[in-house]
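> What follows is a predicted structure for the sequence shown.
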Amino acid sequence: MTAAKAAIADGKGGFSIEPIEVDHPGEHEVLVRIKASGVCHTDWDSLRWGRPIVMGHEGAGIVLETGPDVSRVQPGDEVVLNWAIPCGHCFQCLHGNRHICENHNQVTAPKYMQGHSVLERTRFRGKGIERSFNIGTMSTHAVVREEALVKMNKGIPFSSACIIGCGVMTGYGSAVNAAKVTPGSSAVVLGVGGVGLNVIQGCRISGADRIIAVDINPQRLEFAKTFGATHTIQADKQDVGLLQAAEKVKAITGGRGADFAFECTAIPALGAAPLAMVRNAGTACQVSGIEQEISIDMRLFEWDKIYINPLYGKCDPYYDLPKIMNLYDKGTLLLDEMITRTYPLEQLEQAFEDMHGGRNAKGVLVME
């Protein structure tokens, strides 16, 4: 057993930093020393999942030990963790949809499997405990399946690499893999927190000419300019469905609306807002994972508009994560600039406060 510490959610809205024990890896498993973990709204949501868990789903670290039959990594490798873990042989993996694996992905696995970790290598107060998305990166150590790991390019700081595993991949992939933003096009991004900023990056890298950032927070709109926004709109909280903001988008895009619109706010009341922003035959993309029931005026679909709801930027971890790291190496995709502040694990509460206050493009926990 390895003595470690981790952020433990109680399932009722609270968390604490606690000692845990992590076992040696089993077959196809790897022990990783976590060096950095991103902080995002999903981690905040996990406080209320109704069960104790090791928190965190964005991470990077160093391989300490490998179990039997591990072939992808070896001790000493620096790795990024991927929460949409593919099995490689289920229906969806065989059809190229590794991000919605039916066996290892806690989001898309059958209901009877959800909430139950396939690993039993972490113990808290003498009992096994689930890891968030089967990786639980807000922890000094983690045992994960080898399929959850992708080797890092040399020279990327752990604090920058860790956010690739969710916020960067989700945003970038939604623009590049899902919506397939085209050169010379126009795009509008609603909500420019960590994910929205990476949608902007994906649009910029895809060659969009006009990238419009919409948010209520002026500081976030300033962040958006750094990552590629050509126009900004400060929204009004009283603007129902962002219909007034939609008129401003149309004015910027010649009266028609944008070619692409991305919802990144996670606010159910804004679930239909991207449809109001796009032109006829445009594409709207629901990025933030709204799962509540909402009402939509079907006239917003007129005419020939497409509304898609991808998971995790349609990530193929073995292709997309190295591609993102290569774009970083070329200076095309910004990571270091996104890390506004780092925190020790014990300051997770402050990291959450700064996230909710819009003070960070991205906050990261650094494990010592």
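Sure, I can see it.
> need the strands for the stretch 201-350 of the chain, in chain order.
All strands of the stretch 201-350 of the chain, identified by DSSP state E, counting those that start in this stretch, fall at 210-215, 231-234, 258-263, 278-286, 306-308, 339-343.
> Please name whichever of those is nearest to A187.
strand 258-263 (4.2 Å; Cβ to Cβ). Where you see a C-beta, it was placed from the backbone N, CA and C, and this is true even at glycine.
> how big is the angle separating the closest one from strand 210-215?
Interaxial angle, strand 258-263 versus strand 210-215 (axes from the mean of the first three to the mean of the last three Cα atoms, to 10 degrees): 30 degrees.
> Give me whichever of the strands of the stretch 201-350 of the chain is most buried.
Of all the strands of the stretch 201-350 of the chain, strand 258-263 has the most neighbours on average by mean count of other Cβ atoms under 10 Å, namely a mean of 29.
> coming back round to it: tabulate the strands of the stretch 201-350 of the chain (TSV), appending distance to N198 and mean pLDDT.
Shown next, in TSV, are these (distance: least, Cβ to Cβ, whole Å; pLDDT from 0 to 100):
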stretch	distance to N198	mean pLDDT
strand 210-215	12	98
strand 231-234	17	98
strand 258-263	10	98
strand 278-286	13	98
strand 306-308	17	97
strand 339-343	13	97
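> In CSV: those strands, plus distance to L270.
Below are the strands of the stretch 201-350 of the chain laid out as CSV (distance: least, Cβ to Cβ, whole Å):
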stretch, distance to L270
strand 210-215, 10
strand 231-234, 14
strand 258-263, 6
strand 278-286, 10
strand 306-308, 13
strand 339-343, 24
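> can you tell me which of these comes nearest to L81?
Nearest to L81, of all those, is strand 339-343, at 17.0 Å by Cβ to Cβ.
> picking that back up, now for the strands of the stretch 201-350 of the chain, which one comes closest to L94?
Here strand 306-308 is closest among the strands of the stretch 201-350 of the chain (Cβ to Cβ), at 22.0 Å.
> where's the closest one relative to the chain centroid, distance-wise?
Mean-position distance between strand 306-308 and its chain equals 20 Å (Cα atoms, centre = their mean, to the nearest Å).
> any idea of the mean pLDDT in stretch 14-27?
Across stretch 14-27, pLDDT averages out at 96.
> So what does A161 look like in phi/psi?
Main-chain torsions, A161, degrees, to the nearest 10: phi -70, psi -30.
> Excluding sequence neighbours, find me the nearest residue to it.
In space, and not counting its chain neighbours, A161 is closest to A60: 4.0 Å by Cβ to Cβ, 6 or more residues apart in numbering.
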